[in-house]
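Engineer: Structure, please.
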Amino acid sequence: MILRLAEHGGDVVLLGVISDVHLDKFFPRYVLRALLQRLQQFELAVKDMCQNGSGILVILGDFIDLLTLNGVFPGQVPVIMEVMRHLRRLQNSGIMVIILKGNHDRWLFAEKSLSGWWSTVLQPNYRLAEWLFLEDPWLRVLFDHGHRWDITNREIFDQGRPIKSLGDLVVERLVVPLQMRCPDLNRVEPLYHIPLYLQQRDQSGSLLRTWLEEFKKLMKSADFKKWRRCALPRAQRILTSMLPLFCQVYETLGDTSAPGLAEAVNRISEFDRTAGDYLSKRQR
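Structural biologist: Residues are numbered from 1 along each chain as shown. Predicted coordinates:
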């Protein structure tokens, strides 16, 4: 998205926004080409329209997916460094880069061993922020990744120390173990549609059985129990009402026969409707 702003002095400022890129070692090359093309288009637009102005690129969280990197340092991933080189080029042309925190890359903002990495790959004219508010005489825009408003992904603390959110645990325990066999698994949304995706991808049921086993381990893990204990009371009520149905979906999908799969489709549709009703009321 590109917005055209006007400063009080009359100079034109082009504002570019990208979100949820999720750069990782599995990032598809065709998506990378499209991303670099969009960045280049923004650079050209700034040069064409902002002779007396400037450009701002806002990266709206989850730029780098540290969860699926699974301990690999971002600087060791060629696709990440390729994008960073392109961002430096934007900076060299006068464009400011503002990077907002997401739930998949928040450690790049919090941990000293990681937060300093940005300064090694970008020019000084970048900013790291929790959120951003911009305005001109005609427009006011608040930029926020949004995970702070999501019960399953917001940061939860135990005696002042951050712990893994439910979203973190799902990615680490369920998505990452299968990602070598299914590189695009983390792009399947919502998460409860993944079993059908696995069933379609592997008719033998091997992928699905692995997913089910990891799901059951997650429900019994100390990390999950800690999240459940520390989560907000509203989240605990949600777990009470939603998890039994969620578990029924997965148990049904353990039957890989044609009738079992048909029943699974019905249960997922039921869960989909229930989740939709919940999501529509969640922010009230």
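Engineer: From the centroid of this protein, which residue is nearest?
Structural biologist: residue 62 (4.6 Å; CA atoms, centre = their mean).
Engineer: which residues touch that residue?
Structural biologist: 19-22, 102-105, 145 (CB atoms under 8 Å, 6 or more residues apart in numbering). For every residue, glycine as well, the C-beta is placed using N, CA and C.
Engineer: Between these, which sits nearest residue 183?
Structural biologist: Taking CB to CB as the measure, residue 22 is the one of those closest to residue 183, at 12.1 Å.
Engineer: Isn't that closest one up against residue 68?
Structural biologist: Yes - using CB atoms under 8 Å, residue 22 is in contact with residue 68, at 7.4 Å.
Engineer: Which one of those two is surrounded by more residues?
Structural biologist: Using other CB atoms under 10 Å, the more surrounded residue of residue 22 and residue 68 is residue 68, with 22 against 19.
Engineer: what's the farthest-apart pair in the contacts of residue 62?
Structural biologist: Based on CB to CB, the longest span within the contacts of residue 62 runs between 21 and 103 and measures 13.8 Å.
Engineer: Pull out the buried residues from stretch 212-222.
Structural biologist: By neighbour count on 16 or more other CB atoms under 10 Å, the buried set for stretch 212-222 is 212, 214-215, 218.
Engineer: Check the gap between the closest residue to residue 26 other than its chain neighbours and residue 14 for me.
Structural biologist: Spatial nearest neighbour of residue 26, chain neighbours left out: residue 183 (4.2 Å); criterion: CB to CB, 6 or more residues apart in numbering. Distance, residue 183 to residue 14, using CB to CB, to the nearest Å: 34 Å.
Engineer: So which of these two has more stuff around it?
Structural biologist: A count of neighbours by other CB under 10 Å puts residue 14 above the other of residue 183 and residue 14, at 22 against 15.
Engineer: any chance you could read off phi and psi for that one?
Structural biologist: phi -90, psi 130 (degrees, to the nearest 10).
Engineer: That one contacts residue 45, correct?
Structural biologist: Yes - counting by CB under 8 Å, residue 14 touches residue 45, with 5.8 Å between them.
Engineer: still on that earlier bit, check the contact lists of residue 22 and residue 68 and give me the overlap.
Structural biologist: In terms of CB under 8 Å, 6+ apart, residue 22 and residue 68 are both contacted by the residues 104, 186.
Engineer: How many residues are close by residue 116?
Structural biologist: 10.
Engineer: State the helix or strand in which residue 80 lies.
Structural biologist: Element membership of residue 80, judged by DSSP states H and E, is helix 78-92.
Engineer: Quick check: buried residues in that helix?
Structural biologist: Across helix 78-92, burial judged by 16+ other CB under 10 Å covers 79-80, 83-84, 86-87, 90-91.
Engineer: closest to residue 138 among those residues?
Structural biologist: The closest of the buried residues of helix 78-92 to residue 138 turns out to be residue 90 (CB to CB; 25.4 Å).
Engineer: Quick check: pLDDT value at that closest one.
Structural biologist: Residue-level confidence at residue 90 comes out at 91, pLDDT.
Engineer: so who does it touch?
Structural biologist: Contact analysis of residue 90 by CB under 8 Å, 6+ apart lists 39, 42-43, 55, 57, 97.
Engineer: Could you export these as TSV, including distance to residue 149?
Structural biologist: Formatted as TSV, the contacts of residue 90 follow (distance: CB to CB, whole Å):
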residue	distance to residue 149
39	28
42	28
43	32
55	29
57	24
97	25
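Engineer: Helices - which of these land there?
Structural biologist: Of the contacts of residue 90, the ones assigned to helices by DSSP state H are 39, 42-43.
Engineer: Residue 181: how many residues sit nearby?
Structural biologist: Residues near residue 181, counting by other CB under 10 Å, number 13.
Engineer: Same question for residue 59.
Structural biologist: 24.
Engineer: Test my guess that it contacts residue 21.
Structural biologist: Yes - contact criterion CB under 8 Å: residue 59 and residue 21 qualify, at 7.5 Å.
Engineer: Show the contacting residues for residue 134.
Structural biologist: Listed by CB under 8 Å, 6+ apart, the contact partners of residue 134 are 5, 15, 56, 140-141, 143.
Engineer: What residues does the residue nearest to residue 105 when sequence neighbours are not counted make contact with?
Structural biologist: Closest residue to residue 105 apart from its sequence neighbours, by CB to CB, 6+ apart: residue 64 at 4.8 Å. The neighbourhood of residue 64, defined by CB under 8 Å, 6+ apart, consists of 21-24, 74, 80, 104-105, 108.
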